[in-house]
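K.L.:
I would like the atomic coordinates for the input below:
(chains A, B, C and D)
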Number of protein chains: 4
Amino acid sequence: MGKGRLEAFSDGVIAIIITIMVLELKVPHGADLAALLPLLPVLLSYVLSFIYVGIYWNNHHHMLHASSVVDGCVLWANLHLLFWLSLIPFATGWMGENHFAPVPVAFYGAMLFMAAVAYRILERALISRNPHNPTLALAVGKDRKSLISPVLYLAAIPLSFLHVWAAFAMYVLVAVVWFVPDRRIEAHLKP
Amino acid sequence: MGKGRLEAFSDGVIAIIITIMVLELKVPHGADLAALLPLLPVLLSYVLSFIYVGIYWNNHHHMLHASSVVDGCVLWANLHLLFWLSLIPFATGWMGENHFAPVPVAFYGAMLFMAAVAYRILERALISRNPHNPTLALAVGKDRKSLISPVLYLAAIPLSFLHVWAAFAMYVLVAVVWFVPDRRIEAHLKP
Amino acid sequence: MGKGRLEAFSDGVIAIIITIMVLELKVPHGADLAALLPLLPVLLSYVLSFIYVGIYWNNHHHMLHASSVVDGCVLWANLHLLFWLSLIPFATGWMGENHFAPVPVAFYGAMLFMAAVAYRILERALISRNPHNPTLALAVGKDRKSLISPVLYLAAIPLSFLHVWAAFAMYVLVAVVWFVPDRRIEAHLKP
Amino acid sequence: MGKGRLEAFSDGVIAIIITIMVLELKVPHGADLAALLPLLPVLLSYVLSFIYVGIYWNNHHHMLHASSVVDGCVLWANLHLLFWLSLIPFATGWMGENHFAPVPVAFYGAMLFMAAVAYRILERALISRNPHNPTLALAVGKDRKSLISPVLYLAAIPLSFLHVWAAFAMYVLVAVVWFVPDRRIEAHLKP
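P.N.:
Residues are numbered from 1 along each chain as shown, chains lettered A, B, ... in the order given. This next block holds a predicted model:
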């Protein structure tokens, strides 16, 4: 089964997810700069989620590029990942509109955790379908980042109730760590 | 006529359908967990529809992959299927926001029935255009699942008025049956 | 310049246009069939516009398939067509929510007229860029349908104020005429 | 790393951006032409933004077509551009619904400025990854238009507070300048 249509469909869904988040930035009624002030938390949460969804697209791109074949399990593992990513706009809007209140910030972390778990499942499904693919094995074999991220998301959930900005800082930290593209895969892919 | 653009357009429409459903999950005003409670039925109906649209994409993918050529009839049969799928977000939102009241649950079944009929018509259009394609013939020839599903959807419509969760259970049952990818086609496609 | 990305972008925009129209079908508050009744005109206008956008996609697909090369003029003629098509959801919603009042029905005809003119301009741009392409010349050379349709749309505009359903019947009539795929192109494309 | 998926993802995001802008054209309640009058500024700002996003898609298309390879930096420079473009619908809606009040018009210019800067960064990232590509070098080497445009956007920001239509006229002027496709690249690409 070709991976082309899986990539195209994922691109479509991720493109829509990353774009409909901006619909939460509702056009304000006032025409002065003060009218934009209440939107700042919404914009901040949008920026963070834009970067997260961008990271997922980026890594999804790399991982599928390194894979040769896909099967039914991969298709469903991919849809499972897209499901959790599709809840990111909701979590983003809830966090932003409530000005980073503890429960929405914890909920955002829970959604990031579920997406990270789903990504891990997709990784496993791809490896079990492409067992002798050295690029893919190298890409995900020693992937410490994808092991540590879920732990940090989980830690951020109780932290939201103690000090909400510490939890937010953890989300930013994980994003920064992932922002750096996976040099190992890219180095291996280069001719 | 190439099938590439038909696949690309269908991927686009299905990607949008599966993603705009999440817009029915309206960001609540409260910032506590209690604010999420009224959204649980909406989330439950979203999960069910996400799986259904995922199944349609999955099988659509398999069926077109097995086909060699398409014609004007196939294009219109495909648009007809996309039309009924495009009503799924509406039916999902109506069912979820009314907490699985009988009429919306029956209406949801009617939409699933129409989509199943439209899928069957597309199947027939593809077979009549690709008469000597053994993969496609094998894929849809003995397709008991696609014969039984519309019957179960039809049965769920009156059942919604007797016992609404029995009707819902039938939708879940059909989804589970379809969730298992069509082993026969995949087995045949493997080299 | 390759035409692949032009097709992909147009597919994306048309897929979004055809799908966001369904967002005008707002989920009703009631949970009985009576709650769906006020939506019937909205659904009727949705069906008509779905078929129109489907026809445009279909013919766009054929016309670009028959073309070999595109240039900057074609890109802008294509964006011009997409602009008028992007106003179809607005015109559809206005017509449906006002239960086919004369002004919205006339406005809908004006939008169809502009889209038809834009399609004609795209046709001319493609022919002037592909002057020696016999498939394309055959496809659009004697295209009586695309000459008559704008005349009928124009005629429907005053007719809306005399007898609104006669104007609506004209839109249906043109859709039916176009629904039949262009046999000449397909016949020529067949090996 | 292939550029195909980068183009496909960008096409998807830009297609959604250009299309969701039309959602700001809210269906009016009245059924007469007077009901459309308050929408005229919204429509005017929509037309301007449609042309701007179309120009970005067009030039993005050309620039990536001329490039041979992409890397992680290009992926992120591209996402950065898409981020600023994703704020165009918000700026468009704010400007249109406030009937071209000074602050929203200045804000619109600021968004155009950021998008232009992001485009420039993407240009640099592509050139540093494709250093010996003559088509790309020619395309962006003497690119006076992309140097002057940000200056004009910046100038329009204070101008909005002096004479709002002069600022608007500058946006129109830049759009007209860009509307003309880059003859040099096209001339070079022609066989």
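
K.L.:
going forward, measure contacts between C-alpha atoms and count neighbours the same way
P.N.:
OK.

K.L.:
Run a quick neighbour tally on the residue in chain A that chain C sits nearest to.
P.N.:
The minimum distance from chain A to chain C, using C-alpha to the nearest C-alpha, falls at A:G12 (8.6 Å). A:G12 has 27 neighbouring residues, counting by other C-alpha atoms under 10 Å in any protein chain shown.

K.L.:
go on, A:L39?
P.N.:
18.

K.L.:
just the helices in chain A please.
P.N.:
Ranges of helices within chain A are A:4-20, A:40-66, A:72-86, A:88-97, A:102-129, A:134-141, A:144-162, A:164-179, A:183-189, based on DSSP state H.

K.L.:
do you know which of those helices lies nearest B:L48?
P.N.:
helix A:72-86 (11.3 Å; C-alpha to C-alpha).

K.L.:
residues making contact with the closest one?
P.N.:
If you take C-alpha atoms under 8 Å, 6 or more residues apart in numbering or on different chains as the criterion, helix A:72-86 is touched by A:6, A:10, A:13-14, A:17, A:53, A:111, A:114-115, A:118-119, A:121-122, A:125-126, B:19, B:22, B:50, B:54, B:58, B:181.

K.L.:
Skip the chain neighbours and tell me the closest residue to the residue of chain A found nearest chain D.
P.N.:
Nearest residue of chain A to chain D (C-alpha to the nearest C-alpha) works out as A:A15 at 5.0 Å. Among residues not flanking A:A15 along the chain, D:V13 sits closest, at 5.0 Å (C-alpha to C-alpha, 6 or more residues apart in numbering or on different chains).

K.L.:
remind me which residues of chain A are low pLDDT?
P.N.:
Along chain A, segments meeting pLDDT under 70 span A:1-2, A:139-143, A:180-191.

K.L.:
Please repeat the previous calculation with a cut-off of 80.
P.N.:
For chain A, residues meeting the criterion pLDDT under 80 lie at A:1-2, A:132-146, A:179-191.

K.L.:
Flag every residue of it that's near chain B.
P.N.:
Residues of chain A lying close to chain B (C-alpha under 8 Å from any C-alpha of the partner chain) are A:1, A:5, A:8-10, A:12-13, A:16-17, A:72, A:75, A:79, A:83, A:86-87, A:90, A:93-94, A:98, A:101-104.

K.L.:
ok so, going back, now do the contacts for the residue nearest to A:A15.
P.N.:
Contacts of D:V13 by C-alpha under 8 Å, 6+ apart are A:A15, A:I16, A:I18, A:T19, D:L82.

K.L.:
what about A:G72, neighbour count?
P.N.:
Neighbours of A:G72 (other C-alpha under 10 Å): 18.

K.L.:
Any figure for the gap between the residue in chain A that chain B sits nearest to and D:S10?
P.N.:
Going by C-alpha to the nearest C-alpha, chain B is nearest to A:V13 of chain A, at 5.0 Å. Distance of A:V13 to D:S10, given as C-alpha to C-alpha, to the nearest Å: 12 Å.

K.L.:
what do you get for A:R129?
P.N.:
29 Å.

K.L.:
Correct me if wrong: A:D71 contacts A:I127.
P.N.:
No. The criterion here is C-alpha atoms under 8 Å, and A:D71 misses it with A:I127 at 11.4 Å.

K.L.:
What is the burial count for A:W94?
P.N.:
27.

K.L.:
Apart from its neighbours in sequence, what residue is nearest it?
P.N.:
Nearest one to A:W94, counting by C-alpha to C-alpha, 6+ apart, is B:V27 at 5.5 Å.

K.L.:
is it true that that neighbour touches A:G93?
P.N.:
Yes. Using C-alpha under 8 Å, B:V27 is in contact with A:G93, at 6.3 Å.

K.L.:
out of the two, which sits in the busier spot?
P.N.:
Taking neighbours as other C-alpha under 10 Å, B:V27 and A:G93 compare with A:G93 leading, 27 against 20.

K.L.:
so that one touches A:K26, yeah?
P.N.:
No. Checked against C-alpha under 8 Å, the pair A:G93 and A:K26 is beyond contact range at 10.6 Å.

K.L.:
ok, back up a step: looking at A:R129 and D:S10, which has the bigger crowd around it?
P.N.:
Between A:R129 and D:S10, counted using other C-alpha under 10 Å, the more crowded position is D:S10 (23 against 17).

K.L.:
Quick check: the more buried one vs C:F9, distance?
P.N.:
If you go by C-alpha to C-alpha, the gap between D:S10 and C:F9 works out to 9 Å.

K.L.:
just A:Y171 next, same as before
P.N.:
In terms of C-alpha to C-alpha, A:Y171 sits 34 Å off from C:F9.

K.L.:
leaving aside the residues next to it on the chain, what's closest to A:Y171?
P.N.:
Nearest to A:Y171 is A:Y153, by C-alpha to C-alpha, 6+ apart, at 7.2 Å.

K.L.:
now swap in A:K26 and tell me
P.N.:
With C-alpha to C-alpha, 6+ apart, the residue lying closest to A:K26 is D:F90, at 7.4 Å.

K.L.:
show me what contacts that neighbour?
P.N.:
So D:F90 contacts A:V22, A:L23, A:L25, A:K26, A:V27 (C-alpha under 8 Å, 6+ apart).

K.L.:
Buried ones only from these, please, as a PyMOL command.
P.N.:
The command below creates a PyMOL selection of those among the contacts of D:F90 that count as buried (16 or more other C-alpha atoms under 10 Å in any protein chain shown):
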select buried, chain A and resi 22+23+25+27
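
K.L.:
Closest to B:L43 out of the contacts of D:F90?
P.N.:
For those, the nearest to B:L43 is A:L23 (19.7 Å; C-alpha to C-alpha).

K.L.:
OK, contacts around that closest one?
P.N.:
D:F90.

K.L.:
got it, and A:L112?
P.N.:
So A:L112 contacts A:I88, A:P150, A:Y153 (C-alpha under 8 Å, 6+ apart).

K.L.:
Is the second one in contact with A:V117, as I believe?
P.N.:
Yes. Between A:P150 and A:V117 there is a contact at 7.2 Å, judged by C-alpha under 8 Å.

K.L.:
burial count for the closest residue to A:I20 other than its chain neighbours?
P.N.:
Counting by C-alpha to C-alpha, 6+ apart, A:P89 is the residue found nearest to A:I20 once chain neighbours are left out, at 7.3 Å. Other residues lying near A:P89 total 28 when counted by other C-alpha under 10 Å.

K.L.:
do A:L33 as well
P.N.:
10.

K.L.:
From D:I157, how far out is the nearest residue in space to it that is not next to it in sequence?
P.N.:
Excluding its sequence neighbours, the residue lying closest to A:L33 (C-alpha to C-alpha, 6+ apart) is D:V103, at 6.7 Å. Using C-alpha to C-alpha, D:V103 is found at 9 Å from D:I157.
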